[in-house]
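1. what follows is a predicted structure for the sequence shown.
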Amino acid sequence: MKLLIVEDEAKLADYLRKGLSEEGYVIDVAANGIDGLHMASDGHYDLIVLDTMLPGIDGFGLLAALRQSKQTPVIMLTARHRIEDRVRGLKTGADDYLVKPFAFSELVARIEVLLRRAAGTAPAPDALVLCLGDLHMDLARRRATRAGQRIDLSAKEFQLLTLLLRRKGEVLSRTEIAEQVWDVNFDHGTNVIDVAVRRLRSKLDLPFERPLLHTVRGMGYVLEDRQS
Ligand code: CA
């Protein structure tokens, strides 16, 4: 995994380079916004750690330019007390942010989360059509069919079904589903997952003879063809 750090404070950049190298990442550093943009645009990075206040182009300008062509995950480093920076960063297309000064362990944890998420949302070309029994999902065209019949899904239902189908045969907990599809920590007080699953089931299974989406009591949900 190769990471780009765009940070003009040499001490911090050096600290991050050393620390993240020890975590097993390959690290490039850019010390200003212009170098950072060139490297981010031309290179192949799995993730970018981007400071907001930079000489040349600032972090927001860099990110806005980068997002014209690339969706590389970006964690922005913002100054303390600047809530508007965080909002602006997220609106510009940052995937996450950290407020300086931050704990190194928190940065590592957030990097891991984003890389895992990116791996889940960027399938290899041969993984763009997923099947189970008579269920077919074409991820590129965002179409799902059963027995040749189109299933009309909302964006969330499509994401949920994609997750379940990618991991078919595996029981997924509500917590994991919440993290992967809703990008939030599962709050035990809400039943958003169950409601979404029920809605998905009414479209996916109800009109057909064989149910594919099963509840595993006390554990979660699994998509599998039990009669094949
Ligand atoms: Ca700076």
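-> Sure, I can see it.
2. tell me the average confidence for stretch 203-222?
-> In this model, stretch 203-222 has a mean pLDDT of 94.
3. now it: how far from the chain's centre is it?
-> Averaged C-alpha coordinates place stretch 203-222 at 25 Å from its chain's average position (C-alpha atoms, centre = their mean, to the nearest Å).
4. contacting residues around it?
-> The contact list for stretch 203-222 (C-beta atoms under 8 Å, 6 or more residues apart in numbering) reads 132-135, 144, 146-147, 149, 151-153, 157, 161, 164, 168-174, 176-177, 197, 200-201, 223-227. (C-beta placed from N, C-alpha, C; glycine too.)
5. so how do I select the buried members of those in PyMOL?
-> Filtering these down to the buried ones (16 or more other C-beta atoms under 10 Å) takes a single PyMOL command:
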select buried, resi 132+133+134+135+144+146+151+153+157+161+164+168+172+174+176+177+197+200+201+223+224
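6. from the contacts of stretch 203-222, which ones fall inside strands?
-> Applying DSSP state E to those, the entries found in strands are 132, 135, 144, 146, 149, 151, 223.
7. which of these sits closest to residue 103?
-> Nearest to residue 103 out of these is residue 223 (C-beta to C-beta; 37.8 Å).
8. hey, what's that closest one bridged with?
-> Counting by DSSP bridges, residue 223 forms beta bridges with residue 213.
9. what residues are up against it?
-> Contacts of residue 223 (C-beta under 8 Å, 6+ apart): 132, 161, 164-165, 167-169, 212-214.
10. and the longest helix for this structure?
-> The longest helix of the chain (DSSP state H) is helix 104-121.
11. show residues contacting that one.
-> Counting by C-beta under 8 Å, 6+ apart, 1, 3, 15-16, 19-20, 23, 25, 46-47, 49, 73, 75, 95-96, 98, 163, 166, 180, 183 sit against helix 104-121.
12. restrict those to contacts with the ion.
-> Applying C-beta under 5 Å from the ion to the contacts of helix 104-121, one finds that nothing falls near the ion.
13. filter those to the buried ones?
-> So, by 16+ other C-beta under 10 Å, the buried ones in these are 3, 16, 20, 25, 46-47, 49, 73, 75, 95-96, 98, 163, 166, 180.
14. which of the residues you listed fall within helices?
-> When the buried ones among the contacts of helix 104-121 are checked against helices (DSSP H), the matches are 16, 20, 163, 166.
15. surely the third one is in contact with residue 182?
-> No: counting by C-beta atoms under 8 Å, residue 163 sits too far from residue 182 to count as a contact (10.8 Å).
16. burial measure for residue 204, as a count.
-> Residues lying near residue 204 (other C-beta atoms under 10 Å) number 23.
17. sorry, back to before: for the longest helix of the chain, C-alpha coordinates in CSV please.
-> Extracted C-alpha coordinates of helix 104-121, given in CSV (Å, rounded to 0.1, in the frame of the first residue of the first chain):
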residue,chain,number,x,y,z
PHE,A,104,-0.7,8.8,15.6
SER,A,105,-2.6,5.7,16.5
GLU,A,106,-5.8,7.4,15.5
LEU,A,107,-4.4,8.4,12.1
VAL,A,108,-3.4,4.7,11.6
ALA,A,109,-6.8,3.5,12.5
ARG,A,110,-8.5,5.9,10.2
ILE,A,111,-6.2,5.0,7.3
GLU,A,112,-7.0,1.4,7.8
VAL,A,113,-10.7,2.0,7.8
LEU,A,114,-10.5,4.0,4.5
LEU,A,115,-8.3,1.5,2.8
ARG,A,116,-10.7,-1.3,3.8
ARG,A,117,-13.6,0.7,2.6
ALA,A,118,-11.9,1.5,-0.7
ALA,A,119,-11.1,-2.2,-1.2
GLY,A,120,-14.8,-2.9,-0.8
THR,A,121,-16.0,-0.3,-3.2
